[in-house]
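Chemist: Okay, here's the prediction I keep looking at, along with the sequence it came from:
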Amino acid sequence: MTTTLFLYAILYAAALVFLVACAVRAIGYARLPLHLRWELYPVPHEKRERARYGGSYFESPEWWKEPIAFNHLGEWKSMFAEILFLKGLWEFKRKMWYRSYLFHLGLYLLIGAAGILFAAAFASLILPGLASSGFVLVLHYAYTAAGLLGAALTLVGAAALLIERLTEEDLKPYTTAGDIFNLSFFIVTVGILTAGYFLRPDTSPGALALAQGVLTFDTSLKAPPMFEVGLVLGALLAAYIPMTHMSHFIAKYFTYHTVRWDDAPNRRGAKLEQKLAEYLTYRPTWSAPHVGADGSKSWAEIAMTNPAQGGKK
Amino acid sequence: MKRKISLDDMSKLEREPLTHLEPGDLMPLPAPLEDRASSPGWKPLSAQTMEKCECALDDTCAVSIPQPQNEQEEQELVRKFLSGLDKLFRREDNWTFLQPLLLTMEHCAKCQTCGDACHIFEASGRNELYRPTFRTEIVRRLYFKYVKHGGLLSAWQHGDVKLNWPLVARLIELSYRCNICRRCAQVCPIGADNGLVAHELRKLFSQEMGIAAKELHENGSMLQLRVGSSTGMNAAAVKDNIDFIDEDTSERAGFEVKTPWDVEGADILLIHNAGEIVAWPENPGAFALILNAAGISWTLSSELAGYDSINYGVWYDDAQFARVAIKHMEAARKLKVKKIVLGECGHAHKALSVIADRLLTGDLNIPRESSMTLLRDIVMNGRIKFDPARNDFPVTLHDPCNLVRLMGVVEPQREVVRLLCPKFREMEPHGVDNYCCGGGSGFAIMSGNNFSDWRFQVSGRKKLEQILNAFSDCLDPSIPKYLCAPCSNCKGQFRDMLAYYDLWEKNKILYGGLVELIVNAMVDVKPGFIQWEWR
């Protein structure tokens, strides 16, 4: 009972840490000042014919006289291809894509399996009649298949990535102990979970029962020890990911939407201009004499001086 | 086999350069430059430069930082570096690029996809020193150690690096081994940006330590802010030069061409890169001829910096960048023009249209337009008659990174050359996937010590390969060929690089702008506006 309670506590705590840490990271990036424009073309929300070759609204004569079209479909298609298929790696580093895609697809399947499992558990708890229905049986096959396939792909993908990191001349010099640990953490965790699943005794509760136990804090359940160890490691891994560069699933929203694709023009009197007005009041402290930043002058004041003419405006 | 450079080597106390490039190391070139042994010799750094300056990176020296006299000086420089590094990550000091910089620091997956996209890394024969992530990885480790104050756990996770003056001195030089073309950023699956890291390093060195390439700062933005142009021309000199250009253009065209100055209320303020006026006068002459023929209301400005669109701050210093951008806008505001049109200069396009966009508020926010779109509309609207047969020679088009990948102006110039140049052929790859000319980020105007050897043999090598491939079917010197580069800095690089490899004398490859091709095809202009002679 104590170990089961401990397991539930770790699972909930890890989920909480994961969510809070992801939120802190995302909010941290979102609250950074709007930077100067630094987009890269192609920008997929451009008009379809332009996005195809990487053109921009700057190709239109007097572009500022017309509203700028925003091609949502183009942007979604681009996001879809990147998130689901890692299109960038496919195009520019095919050899790594085979390894990385196995790994990421495996993770997507594991996340999907966990989602279906808990949906099934929740549904059968609030509608007890469902538990013995064909619907839950379908879900059972779905999470089992997704989970097992996901685990296999994650294991193979992570192992292949680790071998690549340790053997490829291009990657070795930039691989830190942390990188090796991260991939090993995935391999060990998923490996133990998978082994725990296959080696479980016939009497042990199934995945659905365990998920229901987690949702209801049913401490009478007892998972097999190896599976329990796998679950604890999985919880720790989930809590650890947002503390590392592996949280690039958050970063990519910003690198794509607020840097690479951010082509929003500054129009007189618009909201964007108001934001900029605030930044221009910042008081930088750079030390080189030509900057003339003594901590009291604002960014705007510095920009209006001319260091080559005695600092006059 | 050469020993591969490691990140730790950057902190080595020995003053021997970390790498030396032999012709055999470099990426092979196609005909007629396939024989690497006969490639032009690389002038070694002088003993005096080696003795006085920090040149412990590679075979060249771009910044020529004087060596500190003693350990105290070294420590003071390292302290300043750390202070600047900290400021790069503070919103009050660096709001301009903080978000993309932080994202790049914290999320590189070290997949090295960027390396395969970098023309410098490839041209150097994949020399580790020039790998886009090499420089970034050092900065990333310094960031986690000194800005985030990570301890042992952080060093274990992110890697460690030993900070000393040799490391800082090498980083200063290494920040000037990147063209900031951002081809690496374009292919990064995460969206990390190694070009930005080079930019931010240069900024740190300039804004905190007062260290920058002389050509960009003293002879660049400071000279422009003092006299009006980095060419050294004041308003009187530039007007004299334009008078001369008008005369010459009139003679070549067969009718009078007059450039208007300081016309209040004109529709367009045209700003050239003043380098055109000095080095390629036919370019501003051709602009004047076309705009007049199209009946456009336009003017040049004689205000401080109003006649020189260059803005070198865009490559190394935000304060200088903002000051010059504001001068450009003040010139437009004073003349009450409806819009600014940027001449054939890539970095000026990006600087004023894109990057400065979020610095210009209120009445300083005057619309800016590319000359590529204006020229396309003039050519296509039928008001001027053209005879494409006058351009019946092989033409290829260079895509300036600042205009194309970084601003998305891809098709207008193509529509013009497709219409007016029957023997037009693309380079491969082209458009937003183009390669930098090798002169980007200021290199085209930097030739101190033996830096030009490096930019012709390494940074320009990939573009040279593209040019030779584009003309591979017509290399015979009896066929004149035209490399169209609608950018002053790119033209500067091509002028020097084609001469370095003797490609005009041996293969008749000439370079020039877009407007020259347009005027050359104008029916009303005397035939032969493009003069097939080296300049």
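Modeler: Everything's here; your move. Numbering: from 1, shown residues only, chains lettered A, B, ... in the order given.
Chemist: element containing the residue in the stretch 351-500 of chain B that chain A sits nearest to, please.
Modeler: Nearest to chain A, among the residues of the stretch 351-500 of chain B, is B:Gly408, at 2.5 Å (Cβ to the nearest Cβ). Any C-beta I mention is one placed from the backbone N, CA and C, and that applies to glycine too. Using DSSP states H and E, B:Gly408 falls within no helix or strand.
Chemist: what sits against it?
Modeler: The contact partners of B:Gly408, taken as Cβ atoms under 8 Å, 6 or more residues apart in numbering or on different chains, are A:39, A:41-43, A:46, A:50, A:54-59, A:263, B:432.
Chemist: Quick check: can you list the domain ranges of chain B?
Modeler: Following automatic domain parsing, chain B resolves into domains at B:45-209, B:218-376, B:386-520.
Chemist: What separation is there between the residue in the stretch 151-300 of chain A positioned nearest to chain B and A:Ile126?
Modeler: Closest residue of the stretch 151-300 of chain A to chain B, Cβ to the nearest Cβ: A:Thr255 (2.5 Å). According to Cβ to Cβ, to the nearest Å, A:Thr255 stands 40 Å off from A:Ile126.
Chemist: next one: A:His72
Modeler: Counting by Cβ to Cβ, the gap from A:His72 to A:Ile126 is 36 Å.
Chemist: Tally up the residues packed near the closest residue in space to B:Leu352 that isn't next to it in sequence, please.
Modeler: Excluding the flanking residues, the one nearest B:Leu352 by Cβ to Cβ, 6 or more residues apart in numbering or on different chains is B:Arg368, at 5.3 Å. Using other Cβ atoms under 10 Å in any protein chain shown as the criterion, B:Arg368 is surrounded by 26 other residues.
Chemist: And for A:Met304?
Modeler: 15.
Chemist: same thing with A:Phe118?
Modeler: A:Phe118, neighbours per other Cβ under 10 Å, totals 16.
Chemist: Quick one: residues contacting it.
Modeler: A:Ala211, A:Val214, A:Leu215.
Chemist: again, but for B:Arg461
Modeler: B:Arg461 neighbours (Cβ under 8 Å, 6+ apart): B:Leu26, B:Met27, B:Leu29, B:His119, B:Ala123, B:Gly438.
Chemist: between these, which is nearest chain A?
Modeler: Nearest member of the contacts of B:Arg461 to chain A, counting by Cβ to the nearest Cβ, is B:His119, at 14.5 Å.
Chemist: just to revisit the earlier point, of A:Thr255 and A:Ile126, give the one with the bigger neighbour count.
Modeler: A:Thr255 (24 against 7).
Chemist: Check whether the closest residue to the more buried one other than its chain neighbours sits in a helix, strand or coil.
Modeler: Distance criterion Cβ to Cβ, 6+ apart; nearest residue to A:Thr255, sequence neighbours excluded, is B:Gly191 at 2.5 Å. Following DSSP: H, G, I helix; E, B strand; the rest coil, B:Gly191 is assigned to coil.
Chemist: Stretch B:270-284 spans what distance, first to last residue?
Modeler: Across stretch B:270-284, the terminal residues are separated by 10 Å (Cα to Cα, to the nearest Å).
Chemist: And it, what's buried?
Modeler: Applying a neighbour-count criterion of 16 or more other Cβ atoms under 10 Å in any protein chain shown, the buried positions in stretch B:270-284 are B:270-277, B:280-284.
Chemist: who in the stretch 101-250 of chain A is up against chain B?
Modeler: A:169-171, A:173-179, A:181, A:244-245, A:247-248 (Cβ under 8 Å from any Cβ of the partner chain).
Chemist: at 7 Å what do you get?
Modeler: A:Asp170, A:Leu171, A:Pro173, A:Tyr174, A:Thr175, A:Thr176, A:Ala177, A:Gly178, A:Asp179, A:Thr244, A:His245, A:His248 (Cβ under 7 Å from any Cβ of the partner chain).
Chemist: If you rank these by neighbours, which is first?
Modeler: A:Asp179 (23 neighbours).
Chemist: Please name the nearest non-neighbouring residue to it.
Modeler: Leaving out its chain neighbours, the residue that sits closest to A:Asp179 by Cβ to Cβ, 6+ apart is A:Arg165, at 6.2 Å.
Chemist: hang on, B:Glu369 is in a strand, isn't it?
Modeler: Yes: under three-state DSSP, B:Glu369 falls within a strand.
Chemist: who are the neighbours in contact with it?
Modeler: Neighbour list for B:Glu369: A:Glu62, B:Lys339, B:Val341 [criterion: Cβ atoms under 7 Å, 6 or more residues apart in numbering or on different chains].
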